[in-house]
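Enquirer: Generate coordinates for the sequence data below:
(chains A, B and C)
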Amino acid sequence: MLTGKPMTKTTELEALVWQCVSAIPEGQIATYGQIAHLAGMPQQARLVGRILSRLPPDTRLPWHRVVNSRGEVSNPNLLLQCGRLKEDGISVDRNRVSLRLYQWQP
DNA sequence: TGTTTGACGGACA
DNA sequence: CTGTCCGCCAAAC
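Expert: Just a heads-up that it's a prediction; the model follows:
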């Protein structure tokens, strides 16, 4: 880690979240709560959302594969995320995807 | 220092 | 299906 920032608890969790998100296969999706759970912090889906909101715009992390528990795109930039999901071969209808069809089962 | 805000979630009406 | 309520918590005010 050469961030210069102190290794606080949240930055450690941040790295864990990044790792979980990067593991989501193309063509599949995960929920914020699911990532929170995988990262060992169940019940803190909100924190996952905040961590993703801080990602640099040029990141390679497939953050677009993360949606809320109802399969809705929560990202303020709906067009970008929906577009990327479609590139992954996922059908998006009214800012929504089918969790039943695409949710990742680790 | 107290309050509000969010890329959330689950229970319930 | 829609909407309300509450738990969660770091960051921004």
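Enquirer: for the most centrally placed residue in chain A, what are its contacts?
Expert: Per Cα atoms, centre = their mean, the C-alpha nearest to the average position across chain A is that of A:V66, at 3.3 Å. Applying Cβ atoms under 8 Å, 6 or more residues apart in numbering to A:V66 gives the contacts A:V21, A:I24, A:I29, A:A30, A:T31, A:Y32, A:I35, A:V48, A:L52. Using the backbone N, CA and C atoms, a C-beta is placed for each residue, glycine as well.
Enquirer: Go again with 10 Å.
Expert: A:17, A:20-21, A:24, A:29-32, A:34-35, A:45, A:48-49, A:52, A:73-75, A:81, A:104 (Cβ atoms under 10 Å, 6 or more residues apart in numbering).
Enquirer: do A:S98 as well
Expert: Contacts of A:S98 (Cβ under 10 Å, 6+ apart): A:I29, A:G71, A:I90, A:S91, A:V92.
Enquirer: What score does A:L99 have for pLDDT?
Expert: In this model, A:L99 is scored at 98, pLDDT.
Enquirer: how deep is it tucked in, by neighbour count?
Expert: Applying other Cβ atoms under 10 Å, we find 18 residues neighbouring A:L99.
Enquirer: Strands of chain A, residue ranges please.
Expert: A:30-31, A:66-67 (DSSP state E).
Enquirer: can you tell which of the ones you listed is closest to DNA strand B?
Expert: Comparing the strands of chain A against DNA strand B with Cβ to the nearest atom of the strand, the closest turns out to be strand A:30-31 (3.8 Å).
Enquirer: okay, the residue nearest to A:Q43 when sequence neighbours are not counted: pLDDT?
Expert: Computed as Cβ to Cβ, 6 or more residues apart in numbering, the closest residue to A:Q43 that is not its neighbour in sequence is A:A36, at 7.0 Å. With respect to pLDDT, A:A36 scores 97.
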